[in-house]
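**Student:** next one to model:
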Amino acid sequence: MEDIDSAVTLRQKTVVITADGREEREEILAIEVPYKVALNDEEIGASMVLATGLEEFGAGFLFGQGYVTKPGQVREVFVCPDGRISVHADVEEGSAPKEVIITSGCGGTGKISREMLEGAFDPLQEYSITLDEVGRFIREMLQRSPLGPATHCVHGCGLWADGRMQGFYEDVGRHNAVDKVIGAILMEKIPARGAIYTTGRLTSDMVLKCARIGIPIVMSRTSPSALGLAVARRAGVTLIGYARPGRLNVFNAPQRVVG
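**Tutor:** Just a heads-up that it's a prediction; the model follows:
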């Protein structure tokens, strides 16, 4: 495993109190910072994020807001020292602000466009995965970064395709971690196919983002919500909860898990 990134963590002394007494201990905290996201020099919104994968986050954030819709539109992304992510993309200029819905994101800060929730879904990028591959995927996710076990404060999200991990991102917010993977797809760093695995629960907006970008298999170590399952059924997504090496609970479309 890689060393813990001191740029996104803080060491803090604590006092542990038990029935046997007190002792000092050093804990590692994840640092969340506010970043504004702008599209073609127009500020769209802001979020608290873990300051890694910020270019990808900016693109993925705009996808969730309904401004960027597909790979190839994003031309360049700049992360500015003043806490601003500036995305330049080939999209319609001067469009009216999108109507958004507040999601179940921590602190109520998550938003998606109403357009994302409503309307028909485009066909998904077809893909299948074996139970053995899922086990390899999950094990690699757990080994990829020490931040999770060190802080107990971050979520991870990865994309698996063609027999290997294509991309992996972390954030203090489960939505942000998914946004970073989707941003990498929009920036054409990783393919828009395969399987996503997240350590966070699969609420409707989490499943929606994956379905709208075309990913056919969405997995979590925890559970989906009822509306998350309803979205998966509408879109035809293979929805997997409680994913463990050697065991899956498939809520929808099990035919993509083969072998």
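
**Student:** and the strands in the stretch 51-200 of the chain?
**Tutor:** Using DSSP state E, counting those that start in this stretch, the strands of the stretch 51-200 of the chain run over 74-80, 84-89, 100-102, 111-113, 129-130, 155-161, 164-171, 195-198.

**Student:** most neighbours per residue, which of the ones you listed?
**Tutor:** Between the strands of the stretch 51-200 of the chain, the one whose residues have the most neighbours on average, counting mean count of other Cβ atoms under 10 Å, is strand 195-198 (a mean of 26). Backbone N, C-alpha and C define where each C-beta goes, glycine included.

**Student:** for the nearest residue to D41 once chain neighbours are set aside, give me its contacts.
**Tutor:** Spatial nearest neighbour of D41, excluding adjacent residues (Cβ to Cβ, 6 or more residues apart in numbering): S86 at 7.0 Å. S86 makes contact with A38, D41, G58, V77, F78, V79, C80, according to Cβ atoms under 8 Å, 6 or more residues apart in numbering.

**Student:** let me see the contact set for the closest residue to Q125 other than its chain neighbours.
**Tutor:** In space, and not counting its chain neighbours, Q125 is closest to R193: 3.7 Å by Cβ to Cβ, 6+ apart. By Cβ under 8 Å, 6+ apart, the residues touching R193 are Q125, E126, Y127, A161, G214, I215, P216.

**Student:** and these as JSON lines, adding distance to V181 and pLDDT?
**Tutor:** Formatted as JSON lines, the contacts of R193 follow (distance: Cβ to Cβ, whole Å; pLDDT from 0 to 100):
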{"residue": "Q125", "distance to V181": "14", "pLDDT": "93"}
{"residue": "E126", "distance to V181": "19", "pLDDT": "92"}
{"residue": "Y127", "distance to V181": "15", "pLDDT": "96"}
{"residue": "A161", "distance to V181": "12", "pLDDT": "97"}
{"residue": "G214", "distance to V181": "13", "pLDDT": "96"}
{"residue": "I215", "distance to V181": "9", "pLDDT": "97"}
{"residue": "P216", "distance to V181": "14", "pLDDT": "97"}
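
**Student:** neighbour-wise, which one of those residues leads?
**Tutor:** Of all the contacts of R193, the most densely surrounded is I215 (27 neighbours; neighbours counted as other Cβ atoms under 10 Å).

**Student:** give the bridge partners for the nearest residue to that residue once chain neighbours are set aside, please.
**Tutor:** If the residues on either side of it in the chain are set aside, I215 comes closest to I196, at 5.4 Å by Cβ to Cβ, 6+ apart. The partner list for I196 in beta bridges (DSSP bridges) reads L159, V218.

**Student:** I196 reaches G158, doesn't it?
**Tutor:** Yes - distance between I196 and G158: 7.2 Å, which falls inside the contact criterion (Cβ atoms under 8 Å).

**Student:** now do the shared contacts for these two.
**Tutor:** By the contact definition Cβ under 8 Å, 6+ apart, I196 and G158 are jointly contacted by V181.

**Student:** what residue is smack in the middle of this structure?
**Tutor:** Ranked by distance to the mean C-alpha position of the chain (Cα atoms, centre = their mean), the top residue is V178 at 0.9 Å.

**Student:** what distance do you get for the nearest residue to that residue once chain neighbours are set aside to R247?
**Tutor:** When the adjacent residues along the chain are set aside, V178 lies closest to C157, with 5.1 Å between them (Cβ to Cβ, 6+ apart). Counting by Cβ to Cβ, to the nearest Å, the gap between C157 and R247 amounts to 20 Å.
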